[in-house]
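> Starting from these lines, generate the structure:
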Amino acid sequence: MSGSLSLDAESLYRDLLRALQPQWGANDRLVGITSGGAWLAERLQADLGLSVPAGVISSAMHRDDFARRGLADGGVTRLPFDIEGAHLWIIDDVLYTGRTVRAVINELYDYGRPARVRLAVLVDRGGRELPIQADCAAARLSLPADQKLSLQRDPDGRLTFSLRG
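Predicted coordinates:
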């Protein structure tokens, strides 16, 4: 089965923005996970009026399934600010098993030791395999393990979800 989900990604983005605003500190920085999280972090940076650009982080080099996946879903880590002592918000589109977040945290520590790391996601779909949870999630839902929920972005920047399974 494939198709669109009735989740409104744009509405969920606005909910995520509203949830982050009161929690945002002057020294907080955004780091978006390639690719959906990076799209969200880029928009959040603009909508929060932040002068420091959002970073982008790849989980490719620290995945526990690297031998099978390789760099196919890679991307390149770009952090335009110092990680050492920073207060970071990792941004992702969909939180599922927690393995991508674990890999990203390992990647972050290759660049320094942040003072605090928090996680914000558009959708938490449950199904965790590791003890990782979002500090902020615009929506929580449950999907069968054989279905994949992913964020899509059209050329105009509009966000939608696709569901494959």
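> Any stretches of the chain with poor pLDDT?
Counting by pLDDT under 70, the ranges of the chain that qualify are 1-5, 63-74.
> residue nearest the centroid of it?
Nearest to the centroid of the C-alpha atoms of the chain, with distances taken as Cα atoms, centre = their mean, sits residue 92, at 1.1 Å.
> so that one makes contact with residue 124?
No - counting by Cβ atoms under 8 Å, residue 92 sits too far from residue 124 to count as a contact (9.7 Å). Glycine gets a C-beta too; all of them are placed from N, C-alpha and C.
> so where do the helices sit in the chain?
9-20, 36-47, 66-69, 99-109 (DSSP state H).
> before we move on, the earlier item: contacts only, for the residue nearest to the centre of the chain.
32-33, 36-37, 40, 100-101, 119-122 (Cβ atoms under 8 Å, 6 or more residues apart in numbering).
> Can you tell me which of the helices of the chain is most buried?
Among those, helix 36-47 has the highest mean neighbour count (mean count of other Cβ atoms under 10 Å), at a mean of 22.
> tell me which strands and helices that one is in contact with?
In terms of contacts (3 or more Cβ pairs under 8 Å, 6 or more residues apart in numbering; DSSP states H and E), helix 36-47 is packed against helix 9-20, strand 28-33, strand 55-57, strand 87-95, strand 116-124, strand 148-153.
> which residues pair with residue 153 across the strands?
With DSSP bridges as the criterion, residue 153 is bridged to residue 159.
> thinking again about what came up before, quick check: closest non-adjacent residue to the residue nearest to the centre of the chain.
With Cβ to Cβ, 6 or more residues apart in numbering as the criterion, residue 92 has its nearest non-adjacent residue at 3.9 Å, and that residue is residue 37.
> my read: residue 162 touches residue 147, true?
No - the criterion here is Cβ under 8 Å, and residue 162 misses it with residue 147 at 10.6 Å.
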